[in-house]
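Enquirer: Let me see the structure of the following:
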Amino acid sequence: MNGRTLSAAALALVLVASAAVAPAAGQDSGLEDDAIVTIDVEPRPENPDPGEEVTFDATIENVVENARTYNLQRVELRESPDAEDEVDGTDLNSDVQGGESVTASVSEQFDESGEYTRYVHIQMLSPTGDLINLVREVNVTVRQSHPSLSMTVDSVDGDGDGSLSVSVANALPDPVRGVTLTFGDGDVSVVDQRRIVSQIASGEQATVTVDAQDISSGRQTVPVELEYVTADGESRSTTENLSVRAGNGGDADVRLTDLQVARDGEELRISGKASNLGASNVSGVLVGVGDGDGVGPAGSQSEAFVGTVGPSGEAEFTVRAAIESNGSVTVPLEVSHADGGRRVATEQTVAYVPEEPADVTLTGVSVEQQGRELVVSGSVSNLDDENVTGVVVSAAEGDAVAPGQNRAEYFVGSISGSDFSSFEVRAALTGQRNGSVTIPLRVRFTDDGREVTETVERQYQLQQGAAPETSQSSSPGLLVPVAGLALVAVLAIVGWTRYRE
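Expert: Reported below is the predicted structural model:
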């Protein structure tokens, strides 16, 4: 073969090798696509009532058709991301083939209203036999079944005639209207047995006062029926036996006034004054926190000994209550005093409505496309004066996007007031490859003991015709045609040199 023929053959091989690397549009290159596995966790029902069982459906999808098969080993429901505090779990040994999905369910019953965070732990085997552990966070809000009721004795004279105050605290997420209280026959006789409040907003309370007869010393119980209409027009009712301890009919009348409530981590700090509205000294005054819905005493600091309070006098106090949720709660307070060698107690309530969380936002966000992944970077900015802790930024599930298999979450940590910190997370493309996509970015942080979760959306215009990035480890098939190109080029040069000679 002469040099000119060798050069032509070398050129033909170059063209063939190039066709193997970049096939025409619509052709199958024969290379296996990288798998993209998405996880979606949905609670059923989304807003359960206390005592109702919640089922968490975890759907694991191997998005790309003809991708390698993963094996779903086990799904667990835990109270934390890493500790051994399993609530429920199930073994599966189910294959998740390319283009298919598998759904597994775990469940838990929540007896108290409030906001709960749970973590679904998923164990899978990769096609190469490696164990993969994935965790997804899910939040559940257990609704308060009804507004809560509480009762206090306002005053009692020597004949047993006095007045009762009944408070209705609405801890439901929406206002209630047409609130009706109907008093039944109990230890005391209520003169006007029916009271109506037009509306109570979420997180607020209303108090009605009724005249009562036959009030004696000791604990008094009165059945009260509560009827109301929810924001979506549903009529509800419940009946409770409200009880309170009354004094002996003397002029001792201790009230809690100037009440203020502030959150301090997982506790509420309640301060105010114990005021003596009577005309004689009141001794042994003690203020304490009682058990309520989602709230209770906080150890030794849940009681405050006030001592003696003179006529028309007052004394300051501070107590602490443990809180189990991030929402509004009604705290029962019991104030007692010494009366003839025995303790006489009355009850009051104070509502806690949390302040708006710190203003934490994402700034300077930029997106870079790398094959099937979107790299999102920027800063987390704390626009408030107070510090926030436990800041985490993560790529969430969205339309045509999902959390990346690696670095889908970024732990930022603490951010001081009026400060910022950088982050970088990755999202995976699961659908369209052209046009624009919306990337949901979830920001989670702790503000004064409350865990707050917010979602920020970022739009990104996808690169037209962008092909997925391929590494040597994931696509070794590309090495052959590339090496062939180099070899053919060398042969062409050698042939051309010999031809010139």
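Enquirer: show me what contacts the closest residue to residue 40 other than its chain neighbours?
Expert: Nearest residue to residue 40 in three dimensions, chain neighbours excluded: residue 59, at 4.6 Å (Cβ to Cβ, 6 or more residues apart in numbering). From N, CA and C alone the C-beta is placed, and that goes for glycine too. With contact set as Cβ atoms under 8 Å, 6 or more residues apart in numbering, residue 59 has these partners: 39, 40, 41, 42, 101, 102, 103.
Enquirer: List phi and psi for residue 59.
Expert: phi -110, psi 120 (degrees, to the nearest 10).
Enquirer: Strands of the stretch 151-300 of the chain, residue ranges please.
Expert: All strands of the stretch 151-300 of the chain, identified by DSSP state E, counting those that start in this stretch, fall at 162-169, 176-183, 189-190, 194-200, 205-213, 218-229, 235-246, 254-264, 267-276, 282-289, 295-297.
Enquirer: Could you measure from the residue nearest to residue 40 over to residue 102?
Expert: 7 Å (Cβ to Cβ, to the nearest Å).
Enquirer: Give me the below-cutoff pLDDT ranges for the stretch 151-300 of the chain.
Expert: Scanning the stretch 151-300 of the chain with the threshold set as pLDDT under 70 gives 155, 157-158, 217-218, 245-252, 279.
Enquirer: what do you get if the cut-off is 80, keeping everything else the same?
Expert: Low-confidence segments of the stretch 151-300 of the chain, defined by pLDDT under 80: 153-160, 171-173, 216-220, 243-253, 265, 278-281.
Enquirer: if I pick the most centrally placed residue in the chain, what's in contact with it?
Expert: Geometric centre of the chain, nearest residue: residue 139, 4.1 Å, by Cα atoms, centre = their mean. Counting by Cβ under 8 Å, 6+ apart, residue 139 touches 115, 116, 117, 118, 453.
Enquirer: And the closest residue to the third one other than its chain neighbours, its phi and psi?
Expert: Spatial nearest neighbour of residue 117, excluding adjacent residues (Cβ to Cβ, 6+ apart): residue 139 at 5.4 Å. The main-chain torsion angles of residue 139 are listed as degrees, to the nearest 10 and equal phi -110, psi 140.
Enquirer: Just give me the neighbour total for residue 402.
Expert: 23 (other Cβ atoms under 10 Å).
Enquirer: That one - nearest residue in space that isn't next to it in sequence?
Expert: Residue 402 sits nearest to residue 38 (Cβ to Cβ, 6+ apart), 4.1 Å away.
Enquirer: and the one you found, what element?
Expert: strand 37-44 (DSSP states H and E).
Enquirer: Residue 109 and residue 50 touch, don't they?
Expert: No. Using Cβ atoms under 8 Å, residue 109 is not in contact with residue 50; the gap is 9.4 Å.
Enquirer: higher neighbour count, those two?
Expert: residue 50 (17 against 13).
Enquirer: before we move on, the earlier item: look up the pLDDT of the residue nearest to the centre of the chain for me, please.
Expert: pLDDT, residue 139: 89.
Enquirer: With residue 393 as the reference, measure out to it.
Expert: In terms of Cβ to Cβ, residue 139 sits 17 Å off from residue 393.
Enquirer: can you check residue 350 too?
Expert: 37 Å.
Enquirer: So those two - more neighbours on which side?
Expert: Neighbours per residue (other Cβ under 10 Å) separate residue 350 from residue 393, with residue 393 holding more: 26 against 21.
Enquirer: What about residue 381, how many residues nearby?
Expert: 16.
Enquirer: Nearest to residue 197 among the contacts of residue 59?
Expert: Relative to residue 197, the closest of the contacts of residue 59 is residue 42; by Cβ to Cβ it sits at 37.1 Å.
Enquirer: how about that closest one, what does it touch?
Expert: Residue 42 touches 56, 57, 59, 138, counting by Cβ under 8 Å, 6+ apart.
Enquirer: who's it bridged to?
Expert: residue 57 (DSSP bridges).
Enquirer: Check it and give its pLDDT.
Expert: 90.
Enquirer: picking up where we left off before, hang on, isn't the residue nearest to residue 402 packed against residue 61?
Expert: Yes. Using Cβ under 8 Å, residue 38 is in contact with residue 61, at 4.9 Å.
Enquirer: Residue 134 - how many residues pack around it?
Expert: Neighbours of residue 134 using other Cβ under 10 Å come to 16.
Enquirer: Next: residue 63.
Expert: The number of residues near residue 63, taken as other Cβ under 10 Å, comes to 20.
Enquirer: Nearest residue to it in space, please, no chain neighbours.
Expert: residue 36 (4.3 Å).
Enquirer: Could you report the neighbour count for that neighbour?
Expert: When neighbours are counted by other Cβ under 10 Å, residue 36 comes out with 20.
Enquirer: How about the contacts made by it?
Expert: 62, 63, 64, 67, 372, 402, 405, 428, 429, 430 are the contacts of residue 36 under Cβ under 8 Å, 6+ apart.
Enquirer: Could you report the distance from the second one to residue 434?
Expert: Spelled out, that is residue 63. For residue 63, the distance to residue 434 (Cβ to Cβ) stands at 17 Å.
Enquirer: which ones are touching residue 228?
Expert: Counting by Cβ under 8 Å, 6+ apart, residue 228 has contacts 146, 147, 176, 177, 178, 179, 180, 235, 236, 237.
Enquirer: Buried residues in stretch 327-344, which are they?
Expert: Within stretch 327-344, the residues that qualify as buried are 327-337, 339, 344, counting by 16 or more other Cβ atoms under 10 Å.
Enquirer: So which bits of stretch 235-243 are buried?
Expert: residue 242.
Enquirer: One more: stretch 152-170?
Expert: Buried residues in stretch 152-170 (16+ other Cβ under 10 Å): 152-156, 160-170.
Enquirer: With stretch 54-71 instead?
Expert: Going by neighbour count (16+ other Cβ under 10 Å), the buried part of stretch 54-71 is 54, 56-58, 60-64, 67-68, 70-71.
Enquirer: Output these as CSV; include the columns pLDDT.
Expert: Formatted as CSV, the buried residues of stretch 54-71 follow (pLDDT from 0 to 100):
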residue, pLDDT
54, 92
56, 94
57, 94
58, 93
60, 92
61, 90
62, 89
63, 87
64, 85
67, 86
68, 88
70, 91
71, 93
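Enquirer: Now tabulate the contacts of residue 59 in CSV and tack on distance to residue 360.
Expert: Shown next, in CSV, are the contacts of residue 59 (distance: Cβ to Cβ, whole Å):
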residue, distance to residue 360
39, 26
40, 26
41, 24
42, 26
101, 34
102, 36
103, 34
